[in-house]
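Chemist: Coordinates only, no sequence provided:
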């Protein structure tokens, strides 16, 4: 039987990493877009955004005659689009994401979690709803950050490679998948295809360690999957380099084609690159996706 003391100890152990992860995410989001408060766009709403010069396609009812009376041209008063957007994230937490080719670098999973949480900070500050697959529905407000951080920190997947769940997503929402995408592509293609059929736009962020790009191995080597289910020994690892790089290029081509046919976007991000670069890309792609 679990005692209150045991439950508290377990809860404290789970929560211990959260302040550090949240602090990193807050710092990263602030460094990318300091003072950002919204993904502003003209549209339906009550809040004034800007005046713009009228065009021949604007009807007379749209002209702001008081503002136009102070100039030689006609102006239209635009309001800010205030429709909250739902963004659902999936972060691959499989064993393969625990790989790092250098002890000085964090594993791929840590970079993926940081990007997901930093993006959540930006989106929630903008009034959007953010959720996490599986099991954490999209909600708005800063109170959503703690459940997001806890879910990211506590997730455990014992499989070699992760695949996104076939979750029902809000129609015409947005989603972001963060993974190395090195496993069986069938489940990924099905998940992205189903989402696209629901009008969901999204982005695929392929997180790779530099060693997975370079394949710097020589001579006798033993390759073993992170979960231990696969093992291969060779006396001439350098002979595998060309074939390996070809297979990796084919996987990237598959991701690019999947994005092309579904209208999604794709980015390959390496763990030795600044996290801010990928975060900025995600922010702009999601913003652009609202108008596509």
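Modeler: On my side now, so go ahead. The model shown is predicted, which means the values in this text are computed figures rather than measured ones.

Chemist: Buried residues of the top helix by length along the chain, list them for me.
Modeler: In the chain, assigned by DSSP state H, the helix with the most residues is helix 241-262. When neighbours are counted by 16 or more other Cβ atoms under 10 Å, the buried residues of helix 241-262 are found to be 244, 248, 251, 255, 258, 259, 262. All C-beta atoms are positioned from the backbone trio N, CA, C, and that covers glycine.

Chemist: just those residues: which has the poorest pLDDT?
Modeler: Going through these one by one, the lowest pLDDT turns up at residue 244, 86.

Chemist: Centre of the chain to the longest helix of the chain, how far?
Modeler: Going by Cα atoms, centre = their mean, to the nearest Å, the spacing between the C-alpha centre of helix 241-262 and its chain's C-alpha centre is 20 Å.

Chemist: for it, packing partners?
Modeler: For helix 241-262, the packing partners by 3 or more Cβ pairs under 8 Å, 6 or more residues apart in numbering; DSSP states H and E come out as helix 185-197, strand 201-208, strand 265-270.

Chemist: Who are the packing partners of the first one?
Modeler: Right, helix 185-197. strand 174-179, strand 201-208, helix 241-262.

Chemist: Turn those into TSV, columns for distance to residue 53.
Modeler: TSV is the format used below for those (distance: least, Cβ to Cβ, whole Å):
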stretch	distance to residue 53
strand 174-179	31
strand 201-208	31
helix 241-262	37
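
Chemist: of all the ones you listed, which lies closest to residue 279?
Modeler: Across the helices and strands packed on helix 185-197, the minimum distance to residue 279, taken as Cβ to Cβ, is reached by strand 201-208, at 9.9 Å.

Chemist: State the mean pLDDT of the following helix or strand past the closest one.
Modeler: Past strand 201-208, further along toward the C-terminus, the next helix or strand under DSSP states H and E is helix 210-214. Average pLDDT, helix 210-214: 91.
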